[in-house]
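Engineer: take a look and give me a structure for this.
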Amino acid sequence: MHWNRTCNIYIKHIMKTSILYSLLTILFFTFQSCAVVGGIFKAGMVWGILLVVIIIVAIIALISRGKK
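Structural biologist: Numbers count the residues shown, from 1 in each chain. Next up is the predicted model:
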């Protein structure tokens with residue numbers, strides 16, 4: 001019984017990853033490669049700026065707590 005459950009979990013994992021890879025393949029073939037790369041870099045830049053702002057706010061909050 002335990003083997004059957006483990007097998008089902010493994011099959012579900014394979015199905016999820018194969019669906020993901022299929023969608024990514026369709027995405028890469030339908031969009032121009034330059035547009036995809038440009039979108040990836042724009043998204044990376046936005047996340048980088050967002051993380052820097054969050055870190056700066058956290059540092060300011062910690063410093064202001066320490067002064068009280």
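
Engineer: which residues in this protein form helices?
Structural biologist: 2-30, 33-67 (DSSP state H).

Engineer: in terms of mean pLDDT, which of those helices ranks lowest?
Structural biologist: Mean pLDDT is lowest for helix 2-30 among the helices of the chain, at a mean of 74.

Engineer: how does this protein divide into domains?
Structural biologist: 1-30, 33-68 (automatic domain parsing).

Engineer: got JSON lines for those, with mean neighbour count too?
Structural biologist: Heads up, the C-betas are built off the backbone N, CA and C, glycines and all. As requested, those are arranged in JSON lines below (neighbours: other C-beta atoms under 10 Å):
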{"stretch": "domain 1-30", "mean neighbour count": "9"}
{"stretch": "domain 33-68", "mean neighbour count": "10"}
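
Engineer: look up how far Leu50 lies from Val57.
Structural biologist: 11 Å (C-beta to C-beta, to the nearest Å).

Engineer: same check, this time on Thr30
Structural biologist: Taken as C-beta to C-beta, the span from Thr30 to Leu50 is 28 Å.
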